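Peer 1: Fold the following and give me the result.
(2 chains, ligands or ions: 2)
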Amino acid sequence: MTSTLGSADANAAEVPEYPMSRAEGCPFDPPPQLRTMQREAPLRRVRLWDGSTPWLVTRYDEQRALLADSRISSDPTNPGYPAPAPVSDEHSEGSPVSFILMDDPEHARLRRMVTAPFTIKRVEAMRPFVQRIVDERIDEMLTADGPVDLVEAFALPVPSLVICQLLGVPYADHDFFQRNSKVIVHRDSTTEQRNAALGALAEYLDGLVGRKLTDPGEDLLSDLAARVESGELPRREASRMGVLLLIAGHETTANMIALGTLALLEHPRQLAELREAGDDSELVASTVEELLRYLHITHNGRRRVALEDVEIADEVIRAGEGVIVPNDIGNRDPDAFAEPDRLDIRRDARHHMAFGFGVHQCLGQPLARMELRVVYSTLYRRIPTLRLATDRENISFKHDGSVYGVYELPVTW
Amino acid sequence: MKVTVDQESCVASGQCVMTAADVFDQRDEDGIVELLEDQPTEDRAEDVRQAAALCPARAIRVEGQSGFVR
Ligand code: HEM
Ligand code: SF4
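Peer 2: Numbering: from 1, shown residues only, chains lettered A, B, ... in the order given. Ligands and ions are numbered 1, 2, ... in the order given. Predicted structure coming up:
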């Protein structure tokens, strides 16, 4: 990537480029350069695709402190925001993906409109439904003899069916929304491609909100439609919230299922222990937390910008300077997790940052946790001989996506 | 020990309920935290402190504890 700074800038050579590459043959570990930077200092500058040099924060404590700091903004329209790719014109009309790119109080106002279905109680009430979907998908997989792609046959359909049910989106449309979601989370999509996909999804969700206005059901989009009706929420914002929930609700969990399975297959002793564990045992719960920590699939780094000067770890982040918080390396900070590079499903990893931290911490986390508990406690027990149907070298990883994972996972039994 | 919660700051993450369901609850209408027990017994201290530490919005205060623990 070319730097926009002239060669006269003496510092140019010393400022590492971000994002960085993972090491060959270590698909589960963050880029080694992040580890080096973490050892050297809690934060330092990096260079982005556009030549800008925001701060990169690598240690656990400083990551948490900054993500919980209200002087640090998530709004990409603020000058200095470290965009992962060229920012689209759409942002001038507000965030195309709603409150994830907004600050309080507007963020809190909108987020609270969709929190009800994600309480621990409501999510637990969905467990039998999720268990049934998981069992049905496994039944169907088992009717095939040969190898199947676990991503297509299982990892993607399970969370898609769940979020469709919760939102009130017809699953029959899954080809359409999965295809567009893929374009949006693909790091190498052009701005035009990403805008087109966002536009298509927004239009689709807008149509659904329109239908729920006249024919409401027992689902989240109907709740939002009621708020549109009462004048509390503009219809366009309702559609954008729908887009956010639909994308966030299936891409992430799907990658945790597929990549988590690969990681467990490479740790057969731990997988055997997990298989022996009962449905709701503590081991299943701690496995979910540890895999979230260890795999940290949202590997793009949280993007923020300082609204005021912020003093941290003997540095001052100036107002208007970008801040990137790569929680993948925070989750491997030896001061927060002993032997951080070891997968250990028995450790207490609950304080990981796979769901972020601060007011934007994942809204869907109770749902994601419940889905993953059902999946990890069912899949390997029902298919105890599950194994890769190809060599590990043939598996390609989503280095280019904002959500990390595997493109395909051919398995057999 | 004495516990207080700040419903204004709460972002309904559910971390506290997951950690100590006998001390914390969530409102049905929006998932915001509610206290079931503001003076938990000592044997609940560890979980309550853990809940305060996990809270992403720093909305839980435990008396005799400033800032947060991990
Ligand atoms: C294992 C699966 C998941 C992972 C690893 C994950 C990760 C994350 C992360 C890291 C953030 C923070 C973004 C930031 O700070 O800028 C986030 C936010 C969010 N997630 Fe998730 N997520 C998962 C599943 C889900 C599910 C199932 C849903 C919905 C059904 C969901 C909905 C959201 C929403 C709406 C936000 C924005 C919250 C806000 O800005 O207040 N996520 N997620
Ligand atoms: S952990 Fe904090 S933010 Fe989450 S529900 Fe409890 S009080 Fe609210």
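
Peer 1: separation between the residue of the stretch 151-300 of chain A found nearest chain B and residue A:374?
Peer 2: Here the residue of the stretch 151-300 of chain A nearest chain B is residue A:285; by CB to the nearest CB that distance is 9.1 Å. No exception for glycine: its C-beta is placed from N, CA and C like everyone else's. Relative to residue A:374, residue A:285 is positioned 12 Å away (CB to CB, to the nearest Å).

Peer 1: of these two, who's got more company?
Peer 2: The residue with more neighbours, out of residue A:285 and residue A:374, is residue A:374; 26 against 19, by other CB atoms under 10 Å in any protein chain shown.

Peer 1: What's the first helix or strand after the one helix or strand in chain A whose mean pLDDT sits lowest?
Peer 2: Lowest by mean pLDDT, DSSP states H and E among the helices and strands of chain A is helix A:174-185, with a mean of 88. The helix or strand immediately downstream of helix A:174-185 is helix A:191-214, counting by DSSP states H and E.

Peer 1: Convert that following helix to CSV, retaining C-alpha atoms only.
Peer 2: Provided in CSV are the C-alpha atoms of helix A:191-214 (Å, rounded to 0.1, in the frame of the first residue of the first chain):
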residue,chain,number,x,y,z
THR,A,191,-17.4,1.2,-1.6
GLU,A,192,-19.8,0.9,-4.5
GLN,A,193,-20.4,-2.8,-3.9
ARG,A,194,-20.9,-2.2,-0.2
ASN,A,195,-23.3,0.6,-0.8
ALA,A,196,-25.3,-1.4,-3.3
ALA,A,197,-25.6,-4.3,-0.8
LEU,A,198,-26.6,-2.0,2.0
GLY,A,199,-29.1,-0.3,-0.3
ALA,A,200,-30.6,-3.6,-1.3
LEU,A,201,-30.9,-4.8,2.3
ALA,A,202,-32.4,-1.5,3.4
GLU,A,203,-35.0,-1.6,0.7
TYR,A,204,-35.8,-5.2,1.6
LEU,A,205,-36.2,-4.4,5.3
ASP,A,206,-38.2,-1.3,4.5
GLY,A,207,-40.7,-3.5,2.6
LEU,A,208,-40.9,-5.8,5.6
VAL,A,209,-41.5,-3.0,8.0
GLY,A,210,-44.2,-1.8,5.6
ARG,A,211,-45.9,-5.2,5.8
LYS,A,212,-45.7,-5.3,9.6
LEU,A,213,-47.4,-2.0,9.8
THR,A,214,-50.6,-3.5,8.3
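
Peer 1: Who are the packing partners of that helix?
Peer 2: If contacts are counted by 3 or more CB pairs under 8 Å, 6 or more residues apart in numbering or on different chains; DSSP states H and E, helix A:191-214 sits against helix A:174-185, helix A:220-229, helix A:235-265.

Peer 1: and among those helices, the most buried is which?
Peer 2: Most buried of the helices and strands packed on helix A:191-214, by mean neighbour count (mean count of other CB atoms under 10 Å in any protein chain shown): helix A:235-265, with a mean of 23.

Peer 1: Is there proximity between that one and chain B?
Peer 2: No. Using CB under 8 Å from any CB of the partner chain, helix A:235-265 stays clear of chain B, with a minimum separation of 14.3 Å.

Peer 1: How about stretch A:363-370?
Peer 2: Yes. Counting by CB under 8 Å from any CB, chain B has neighbours in stretch A:363-370: A:363, A:365-366, A:369.

Peer 1: Nearest to residue B:53 among these?
Peer 2: Closest approach to residue B:53 among those (CB to CB): residue A:365, at 16.0 Å.

Peer 1: So what's the residue count around the residue nearest to that closest one when sequence neighbours are not counted?
Peer 2: Excluding the flanking residues, the one nearest residue A:365 by CB to CB, 6 or more residues apart in numbering or on different chains is residue A:355, at 4.7 Å. Counted with other CB under 10 Å, the neighbours of residue A:355 add up to 20.

Peer 1: what does the one 4 residues further on give?
Peer 2: By other CB under 10 Å, the residues close to residue A:359 number 23.

Peer 1: In contact with it: list those residues for me.
Peer 2: By CB atoms under 8 Å, 6 or more residues apart in numbering or on different chains, the residues touching residue A:359 are A:68, A:70, A:104, A:107-108, A:111, B:9, B:11, B:56-57.

Peer 1: next one: residue A:364
Peer 2: Contact partners of residue A:364, counting by CB under 8 Å, 6+ apart, are A:118, A:245, A:248-249, A:252.

Peer 1: which pair in these spans the largest distance?
Peer 2: For those, with distances taken as CB to CB, the pair at the greatest spread is A:118 and A:252 (14.0 Å).

Peer 1: what ranges do the strands span in chain B?
Peer 2: B:3-5, B:24-26, B:33-35, B:60-62 (DSSP state E).

Peer 1: Could you dump these into a markdown table with distance to residue A:83 added?
Peer 2: Shown next, in a markdown table, are the strands of chain B (distance: least, CB to CB, whole Å):
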| stretch | distance to residue A:83 |
| --- | --- |
| strand B:3-5 | 36 |
| strand B:24-26 | 35 |
| strand B:33-35 | 34 |
| strand B:60-62 | 34 |
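
Peer 1: mind checking which of the ones you listed is nearest chain A?
Peer 2: Closest of those to chain A is strand B:24-26, at 4.4 Å (criterion: CB to the nearest CB).

Peer 1: Identify the residues contacting the closest one?
Peer 2: The contact list for strand B:24-26 (CB under 8 Å, 6+ apart) reads A:119-121, B:5, B:12, B:14, B:16-17, B:32-36, B:51, B:60.

Peer 1: Out of the residues you listed, which two are the most distant from each other?
Peer 2: Taking CB to CB, the two most distant members of the contacts of strand B:24-26 are A:121 and B:60; they sit 18.8 Å apart.
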